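Asker: Turn this into a structure:
(one chain, ligands or ions: 1)
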Amino acid sequence: MSTGERAARARFRYAEWALEPVTDAPVTYTSRCHTCGEPCAERTDADTAERAALKHVGRTHHADFELSASRPYRARLTDPTGGAPPRSP
Ligand SMILES: [Zn+2]
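Answerer: Numbers count the residues shown, from 1 in each chain. Sure, this is the predicted structure:
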C-alpha cells in the first residue's frame, strides 16, 4: 500500500427491525381533486374527508378524486442487543 492510500475496513452485522404503527398519532385522511388538484385539509376521520370532497363537487362539478389515509409507523429494533454478527459455517 502506497502512502496516501488507506485500507477500507467495514464491519457488518445483521439486525432485525419491525414496523409498528405509532399509537399516539392519529390516522389522517385527505382528498385531492384530480381535475384541478385542489387538496382538502387533513382530517382525522374518513367521513369528514369525504364530505370535504363532496363540497368541492358541489362547488365545481369536478367528479374525480383521490382519497388517501396516512398512518405513521416507527421502526423498532426487535433484538435489543442490535443483532449478533453472522456465524461462519
Ligand atoms: Zn377540482
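Asker: What distance separates the opening and closing residues of stretch 9-29?
Answerer: Terminal residues of stretch 9-29 lie 47 Å apart, using Cα to Cα, to the nearest Å.
Asker: Touching it from outside, list them.
Answerer: For stretch 9-29, the surrounding residues in contact (Cβ atoms under 8 Å, 6 or more residues apart in numbering) are 42-46, 48-49, 67-79, 82-86. For glycine as for every other residue, the C-beta is placed from the backbone atoms N, C-alpha and C.
Asker: Cross these against helices and list the overlap.
Answerer: 46, 48, 49 (DSSP state H).
Asker: where does this structure have low pLDDT?
Answerer: 1-4, 80-89 (pLDDT under 70).
Asker: where exactly do the strands run in it?
Answerer: 17-21, 28-33, 65-70, 73-77 (DSSP state E).
Asker: of all those, which gets the most neighbours per residue?
Answerer: Highest mean neighbour count of the strands of the chain: strand 28-33, a mean of 18 (counted as mean count of other Cβ atoms under 10 Å).
Asker: Spell out which parts of the protein neighbour the ion.
Answerer: 33, 35, 36, 38, 60, 62 (Cβ under 5 Å from the ion).
Asker: try 8 Å this time
Answerer: Applying Cβ under 8 Å from the ion, we find that the chain lies next to the ion at 33, 34, 35, 36, 37, 38, 56, 60, 62.
Asker: Of these - the most surrounded one?
Answerer: residue 56 (21 neighbours; other Cβ atoms under 10 Å).
Asker: quick one: contacts for the closest residue in space to that residue that isn't next to it in sequence?
Answerer: Nearest residue to residue 56, sequence neighbours excluded (Cβ to Cβ, 6 or more residues apart in numbering): residue 33, at 5.8 Å. By Cβ under 8 Å, 6+ apart, residue 33 lies in contact with 39, 53, 56, 60, 62, 64, 65.
Asker: With residue 43 instead?
Answerer: 28, 29, 30, 49, 52.
Asker: Looking at those residues, spot the one nearest the ion.
Answerer: For the contacts of residue 43, the residue nearest the ion by Cβ to the ion is residue 52; the value is 11.7 Å.
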